[in-house]
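K.L.:
just to be clear, the model below is a prediction. Sequence and coordinates:
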Amino acid sequence: MKVKVAINGYGTIGKRVATAVNQQDDMEIVGVSKTRPTYEARDAVRQGYPLYVPEGAVQAFADAGIQVAGTVDDMIAAADIIVDCTPGNLSEEYKAKYAAAGKKAIWQGGEDHSLTGISFNAAANYKESWGAQFSRVVSCNTTGLLRTLFGIDREFGVRNAYVTIIRRSADPNDSKTGPINAIEPSVKLPTHHGPDVQSIMPWLSISTMAVKVPTTLMHVHTVVAELKEAPTTEQVKEVLRRSPRVRLVSSRDGIKSTAQAMDLARELGRTRGDMFEIVVWEDGIKMVGNTLYYYQAVNQESDVIPENIDCIRSMCKLEEDPAASIAKTDRAMGI
Ligand SMILES: NC(=O)c1ccc[n+]([C@@H]2O[C@H](COP(=O)([O-])OP(=O)(O)OC[C@H]3O[C@@H](n4cnc5c(N)ncnc54)[C@H](OP(=O)(O)O)[C@@H]3O)[C@@H](O)[C@H]2O)c1
């Protein structure tokens, strides 16, 4: 029997989670939700997903000629697990609904760790969400940092990591967020990214700063890490090569920037041109003594998608072995 998955919030993350669930053989979509009758709502119907809307929006969808399957409450009732991809400020309201209906739910990185008390990354702590009612897939940046630092820490020990996050200002479908001609530092220091990584690797000493720049494609991280050991640059590359959902690229191979990294995803024929892996520049990895330097890029719209699939599998007890779940997800998604 397939696990019945509902996606509450069919936006940037929600529509990608829906596609990924649809690609798995042990889970199925029972519904997706929207509040506004936009092109994305029409697309959900075209994809064959039952579309649910809040009670107060039923008439607006009828007026727009978009057929709905019922209300969001009906969708919750039909699901075994809800992947909540709504924007901020709705989590408490929906948590109460999911709890009252006795359903499992996963939130995204826009919510705080305190909402669920468990945060998720497939390679780092798959088993912590085993059978849990509520969990949270950490944000795109946190996922990116965990994907690379977890393996490096396990092999060589990280004494201190210092990270600067160069953040995309908006997603590609967003025409109202800026800056469009400025660089904006996050002045609340250190930024929340370090503590968010620690929600999964509490032992890791990590300090983060961030600036927002006018781009929509990806975030870039510059990482400086003092290691407990002094491996060679090649040994570090080998660990990253073996780390799940990390892709080493080379500027010598023509991938000099996020523009070519995202072009590679399109050339690979990925759905929506998504780059699910964290892109690390192989020729930008360097060990000097016990200090490691590297650059990585994060496709903010998509790196968390396979993590949501593995989180469903852990919470619904579908696969005990994290590596087996990761491999199954990746095979189905063409990663
Ligand atoms: N975008 C990213 O780069 C990114 C990366 C990682 C994690 N996240 C996190 O993922 C979560 C979702 O972000 P997003 O970028 O996907 O947001 P988004 O594109 O704005 O999508 C949010 C969706 O929620 C729906 N929604 C709004 N109010 C709702 C309600 N009361 N009930 C049900 N659905 C409702 C919206 O539908 P309508 O448009 O019809 O109102 C929309 O489809 C956030 O926690 C965010 O921090 C985002």
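P.N.:
Thanks, I have the structure now. Numbers count the residues shown, from 1 in each chain.

K.L.:
point me to the residue of the chain nearest the ligand.
P.N.:
Proximity of the chain to the ligand (C-beta to the nearest ligand atom) peaks at Gly11, 1.8 Å away. (C-beta placed from N, C-alpha, C; glycine too.)

K.L.:
if I pick the closest residue to that residue other than its chain neighbours, what's in contact with it?
P.N.:
Once flanking residues are discounted, Gly11 sits nearest to Cys85: 6.2 Å by C-beta to C-beta, 6 or more residues apart in numbering. By C-beta atoms under 8 Å, 6 or more residues apart in numbering, the residues touching Cys85 are Ile7, Asn8, Gly9, Tyr10, Gly11, Ile13, Gly14, Val17, Gln108.

K.L.:
give me the phi and psi angles of Cys85.
P.N.:
The phi/psi pair for Cys85 (degrees, to the nearest 10) reads phi -120, psi 30.

K.L.:
interface residues of this protein facing the ligand?
P.N.:
Contacts of the chain with the ligand, taken as C-beta under 6 Å from any ligand atom, map to 8-14, 33-36, 54, 72, 85-87, 90, 108-111, 139-140, 171, 300-301, 304.

K.L.:
can you tell me which of those residues are buried?
P.N.:
8-14, 33-35, 72, 85-86, 108-111, 139-140, 300-301, 304 (16 or more other C-beta atoms under 10 Å).

K.L.:
okay, and which of those residues map to strands?
P.N.:
Those of these mapping onto strands are Asn8, Ser33, per DSSP state E.

K.L.:
who touches Arg168 in this structure?
P.N.:
Contacts of Arg168 by C-beta under 8 Å, 6+ apart are Lys212, Val213, Thr215, Thr216, Leu217, Met218, His219, Gln300.

K.L.:
same check on Trp281?
P.N.:
Per C-beta under 8 Å, 6+ apart, neighbours of Trp281: Leu248, Val249, Ser250, Ser251, Ile255, Tyr294, Tyr295, Gln296.

K.L.:
all helices in the stretch 51-200 of the chain, in order from the N-terminus.
P.N.:
Here the stretch 51-200 of the chain has its helices, by DSSP state H, counting those that start in this stretch, at 58-63, 72-78, 91-101, 122-125, 140-156, 193-198.

K.L.:
would you turn those into JSON lines with distance to Val288?
P.N.:
Converted to JSON lines, the helices of the stretch 51-200 of the chain look like this (distance: least, C-beta to C-beta, whole Å):
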{"stretch": "helix 58-63", "distance to Val288": "59"}
{"stretch": "helix 72-78", "distance to Val288": "53"}
{"stretch": "helix 91-101", "distance to Val288": "43"}
{"stretch": "helix 122-125", "distance to Val288": "27"}
{"stretch": "helix 140-156", "distance to Val288": "14"}
{"stretch": "helix 193-198", "distance to Val288": "23"}
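
K.L.:
okay, those helices in JSON lines with mean pLDDT next?
P.N.:
Listed next are the helices of the stretch 51-200 of the chain as JSON lines, based on pLDDT from 0 to 100:
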{"stretch": "helix 58-63", "mean pLDDT": "98"}
{"stretch": "helix 72-78", "mean pLDDT": "98"}
{"stretch": "helix 91-101", "mean pLDDT": "97"}
{"stretch": "helix 122-125", "mean pLDDT": "98"}
{"stretch": "helix 140-156", "mean pLDDT": "98"}
{"stretch": "helix 193-198", "mean pLDDT": "98"}
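
K.L.:
which one of these lies closest to Met1?
P.N.:
Evaluated over the helices of the stretch 51-200 of the chain, closeness to Met1 peaks at helix 72-78, with 14.3 Å, by C-beta to C-beta.

K.L.:
ok, residues contacting that closest one?
P.N.:
With C-beta under 8 Å, 6+ apart as the contact definition, helix 72-78 has outside contacts at 4, 6, 8, 30-33, 50, 52-55, 69, 82, 97-98, 101, 103.

K.L.:
count the residues that sit near the residue nearest to Glu155 when sequence neighbours are not counted.
P.N.:
Excluding the flanking residues, the one nearest Glu155 by C-beta to C-beta, 6+ apart is Val239, at 4.9 Å. Residues near Val239, counting by other C-beta atoms under 10 Å, number 18.
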